[in-house]
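J.: Fold the following, please.
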Amino acid sequence: MFQPELETISRDELHHLQNERLQKTVTRVYEHVPFYRKQLDKMGIHPKDFAGIDELSQLPFTVKKDLRDYYPRGLFAAPPHEIVRLHASSGTKGKPTVVGYTRQDLNHWADVCARSIVAAGGTPGDTFHNAYGYGLFTGGLGIHAGGEKLGVSVVPASAGSRMRHITLIEDLKPRGIAGTPTFLLSIGETMRQNGKDPKKSSLEYGIFGAEPWTEEMRRELEEMWGIQAVDIYGLSEVMGPGVAIECWEEKQGLHIFEDHFLVEVIHPDTGRPVEENETGELVFTSLTKEALPLLRYRTGDLASLSTKPCRCGRTHVRMSRVKGRIDDMLIIRGVNVFPMEIEPVVLEHQELAPHYQIVIEKKGSLDELTVEVELADTCQGVDLEGLNRHLRRKLKDVLQISVQVQIGTPGTIPRSQGKAVRIIDKRTN
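T.: Just a heads-up that it's a prediction; the model follows:
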């Protein structure tokens, strides 16, 4: 472990530390963020009377709209001269959200990312290939800083040409890699197309995130590359990558670094807490952020929590892999459809490549969903009509609605260098 004294802290000690840090956070936002002062005054909460975690449910929720309404720096709790880094979301669904970091914030961020690399199997002295994008997106720079703090040799490969990535992997021989799962799949495909076997590379472990992925995708990556593939979780508003990660020993839930992030799971409709192991919406409260501390930030991500002990020895609570997003849910002919339900169906068919897109169109007065897939490079002599019929039947069983299936030739589905574009909704065009 990178910081064993904190990663194996007893639950009682952790509760005391969280309580102390939560009270400081509430004081900080009350004194420096007018938005929160107004909310807390309205609810009759004053920092000097706030009892800490036992009164957490009395604090107001924060949502992404609040960050957009106070764009760009209205929720910052540090003056401009203390802000040493700014990141921002893409803004594809509205105004971008801008997040800031003080030097202390960057130190803490590097710590949790260093912890994450160790949890995945990394050790000081490794060469580490970072295929996350660098720039306003938090993935690249966050993991980079964690690698440097741990003492690995970081290769800042970023996105870009797959052949360039292949050359760097072959020449520099990294033990570890980080990036989106679909991008590493596409690098592996390119290697195979050039007569090379990804499994013979030097890679031993991979850290994947920034897009939802399934156990079936994990098996595909591990089989293709011969690596241990672990899931990492983070979001810019709370910190970036490094909020939580799986350990290579179990890969049964992601350890949330609770000394920095206080987590809840609530019912999306009522806002009330749900039971352990019950799926709900993840909510995070910052415990150490100075520039942009957030109270009870509703992430929109659906997951569950477990306090079951882990054989790796870490004592922090584990979250399940994200099962979907509230705003990703599609309503097709009155039925709720989560795109992640489609991925396992595609990946269980060896005739298909592990790539797909979902296209939604209006046909008359009804919505029609088409799942576009492509044949695998190695697939020959397949009965396309029979495969199409089988996929439609299987998808109907899973989704509870009839869908269309379109099977293309290898390479039909566009490849992304970052997050895969899964949904094309033509109803709004």
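
J.: How about V265: which residues does it bridge to?
T.: L282 (DSSP bridges).

J.: and T190, how many neighbours?
T.: Neighbouring residues of T190 were enumerated by other Cβ atoms under 10 Å; the total is 17. Backbone N, C-alpha and C define where each C-beta goes, glycine included.

J.: my read: it touches R162, true?
T.: Yes. Taking Cβ atoms under 8 Å as the definition, T190 is a contact partner of R162 at 4.3 Å.

J.: Report the mean confidence score over stretch 73-88.
T.: The pLDDT scores in stretch 73-88 average 97.

J.: Same question for stretch 285-300.
T.: Average pLDDT, stretch 285-300: 98.

J.: again, but for stretch 219-234
T.: Mean pLDDT, stretch 219-234: 97.

J.: and it, which residues are buried?
T.: E220, L221, M224, W225, I227, Q228, A229, V230, D231, I232, Y233, G234 (16 or more other Cβ atoms under 10 Å).

J.: Determine which two of the residues you listed are furthest apart.
T.: Across the buried residues of stretch 219-234, the longest distance by Cβ to Cβ is 24.6 Å; it joins M224 and G234.

J.: And the pLDDT at the residue nearest to E290 when sequence neighbours are not counted?
T.: On the basis of Cβ to Cβ, 6 or more residues apart in numbering, the spatially nearest residue to E290 that is not a chain neighbour turns out to be T102, at 4.4 Å. Each residue has a pLDDT score; the one for T102 is 98.

J.: Numbering from 2 from now on, please.
T.: With 2 as the first residue, the last one maps to T103.

J.: what about T103, neighbour count?
T.: Other residues within reach of T103 by the criterion other Cβ under 10 Å amount to 20.

J.: Would you confirm that it contacts V85?
T.: Yes. At 6.4 Å, T103 counts as touching V85 under the criterion of Cβ under 8 Å.

J.: tell me the contacts of the residue nearest to E291?
T.: Residues in contact with T103 (Cβ atoms under 8 Å, 6 or more residues apart in numbering) are A79, E83, I84, V85, E291, A292.

J.: and if you look at G235?
T.: Taking Cβ under 8 Å, 6+ apart, we find G235 in contact with T139, G143, G210, G241, P242, G243, V244, A245.

J.: Mind checking which of those are in helices?
T.: By the criterion of DSSP state H, membership of those in helices covers T139, G143.

J.: T308: which of the contacts of G235 is nearest?
T.: Proximity of the contacts of G235 to T308, judged by Cβ to Cβ, is greatest for A245, which lies at 14.1 Å.

J.: Hmm, the closest one is touching Y234, no?
T.: Yes. Applying Cβ under 8 Å, one finds A245 in contact with Y234, separated by 4.3 Å.

J.: got any residues that touch both of the two?
T.: Looking at what touches both A245 and Y234 (by Cβ under 8 Å, 6+ apart), the common residues are L255, M320.

J.: what residue ranges in this protein score low on pLDDT?
T.: Counting by pLDDT under 70, the chain contains low-confidence ranges at 92-95, 418, 429-430.

J.: Recalculate using a threshold of 80.
T.: Counting by pLDDT under 80, the chain contains low-confidence ranges at 91-95, 328-330, 332, 335, 337, 365-366, 379, 381, 417-420, 429-430.

J.: got the residue ranges for the strands in the stretch 2-151 of the chain?
T.: Counting by DSSP state E, counting those that start in this stretch, the segments of the stretch 2-151 of the chain that form strands are 86-89, 99-102, 128-131.

J.: want to throw these into a markdown table with distance to S305 and mean neighbour count?
T.: A markdown table is the format used below for the strands of the stretch 2-151 of the chain (distance: least, Cβ to Cβ, whole Å; neighbours: other Cβ atoms under 10 Å):
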| stretch | distance to S305 | mean neighbour count |
| --- | --- | --- |
| strand 86-89 | 28 | 17 |
| strand 99-102 | 26 | 25 |
| strand 128-131 | 30 | 24 |
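
J.: Of the ones you listed, give the one that comes closest to M320.
T.: Of all those, strand 99-102 sits nearest to M320, with 21.1 Å by Cβ to Cβ.

J.: to the chain's geometric centre, what's the distance from the closest one?
T.: 18 Å (Cα atoms, centre = their mean, to the nearest Å).

J.: List of residues touching the lengthiest strand in the chain?
T.: Among the segments of the chain that qualify as a strand by DSSP state E, the longest is strand 353-364. Residues lying outside strand 353-364 but in contact with it, judged by Cβ under 8 Å, 6+ apart, are 183, 186, 190, 218, 221, 331, 333, 340, 343-344, 347-348, 368-378, 380, 408, 411, 414-416, 421-428.

J.: can you state the direction angle for the next helix or strand after it and strand 353-364?
T.: As assigned by DSSP states H and E, the chain's next helix or strand after strand 353-364 is strand 367-376. Interaxial angle of strand 367-376 relative to strand 353-364 (axes from the mean of the first three to the mean of the last three Cα atoms, to 10 degrees): 160 degrees.
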